[in-house]
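In: After the sequence you'll find the predicted model.
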Amino acid sequence: MLVSANRLIGTPILSMQATAQIATVESAIVDPDTLKIIAFALGGGVVGKSPAYILDVKSIREYSRYGMVIDSIDELVEPDDVIRISQVLSLNFNLIDLKVETKKGSKLGKITDYTVTDDNFTVQQIIVKRPFIKGLMDPELTIPRKEIVEVTDYKVIVKDEEKVIRARAEKEDFVPNFVNPFRKTEQSPASTDNQNPADTDTE
């Protein structure tokens, strides 16, 4: 399933051990070398109002509409605890608002959002807002990962051909392979209606 990066902001972080929300996602930490979210900066809940702790995506057991589920608060680390995460943070890299150009120098616009897979948070598409004049015909471009040829501190360079994908990201429920205590179990009315009379105690 693909999910919008903007939609990830504010996502609850849920602890299996505490069976409660312990934080929220403040921002995504994207590795420019792999175009993959490698961690999330957290705030709120027990970690405070400003981002003070980092959640490595490897620690996420499930991502769904309920939030991101982890084992316990012990999964949260400080920015300097993981070398690669610390290195990427020092770059102060952010895909949002980067300019997008073709190899020939044609300006396509600025990135306003991007989509990632919900299993490993790899960037799959960039959403580009077109300049005003070009935007009259095509206000927004959706460019797939395979069209990206270079990423710098200031811009993303794509192939000369503008292959536009206008489909929105899929919206599907993720089915976990373990019991999620944050899901409310509801008894289906049909299960009550179809109860075997033999299973009911009689006088």
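Out: Received it, and whenever you're ready, just let me know what you need.

In: Show me the shaky parts of this protein.
Out: Within the chain, the stretches with pLDDT under 70 are 48-51, 132-138, 161-203.

In: What about Ile127, how many residues nearby?
Out: By the measure other Cβ atoms under 10 Å, the count of residues near Ile127 is 23. For every residue, glycine as well, the C-beta is placed using N, CA and C.

In: Tell me how far it lies from Asn6.
Out: Separation of Ile127 from Asn6 (Cβ to Cβ, to the nearest Å): 9 Å.

In: any residues in contact with both of those two?
Out: Residues touching both Ile127 and Asn6 by Cβ atoms under 8 Å, 6 or more residues apart in numbering: Asp113.

In: For stretch 116-133, buried residues please.
Out: Under the neighbour-count criterion of 16 or more other Cβ atoms under 10 Å, stretch 116-133 has Val116, Thr117, Asp118, Phe121, Val123, Gln124, Gln125, Ile126, Ile127, Val128, Lys129, Arg130 buried.

In: next one: stretch 2-12
Out: Neighbour-count burial for stretch 2-12 flags Leu2, Val3, Ser4, Ala5, Leu8, Thr11, Pro12 (criterion: 16+ other Cβ under 10 Å).

In: So which of those residues sit within strands?
Out: Leu2, Val3, Ser4, Pro12 (DSSP state E).

In: surely the second one meets Thr115?
Out: Yes: counting by Cβ atoms under 8 Å, a contact exists between Val3 and Thr115, whose distance comes to 6.5 Å.

In: Across the sheet, point out what pairs with Asp31.
Out: Applying DSSP bridges to Asp31 gives these bridge partners: Lys36.

In: quick revisit: adding secondary structure as columns, could you present the buried residues of stretch 116-133 in a markdown table?
Out: Output for the buried residues of stretch 116-133, formatted as a markdown table (DSSP: H, G, I helix; E, B strand; the rest coil):
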| residue | secondary structure |
| --- | --- |
| Val116 | strand |
| Thr117 | strand |
| Asp118 | coil |
| Phe121 | coil |
| Val123 | strand |
| Gln124 | strand |
| Gln125 | strand |
| Ile126 | strand |
| Ile127 | strand |
| Val128 | strand |
| Lys129 | strand |
| Arg130 | coil |
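
In: now those residues as JSON lines including distance to Ala41?
Out: Formatted as JSON lines, these follow (distance: Cβ to Cβ, whole Å):
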{"residue": "Val116", "distance to Ala41": "16"}
{"residue": "Thr117", "distance to Ala41": "20"}
{"residue": "Asp118", "distance to Ala41": "19"}
{"residue": "Phe121", "distance to Ala41": "14"}
{"residue": "Val123", "distance to Ala41": "17"}
{"residue": "Gln124", "distance to Ala41": "22"}
{"residue": "Gln125", "distance to Ala41": "23"}
{"residue": "Ile126", "distance to Ala41": "21"}
{"residue": "Ile127", "distance to Ala41": "21"}
{"residue": "Val128", "distance to Ala41": "24"}
{"residue": "Lys129", "distance to Ala41": "24"}
{"residue": "Arg130", "distance to Ala41": "30"}
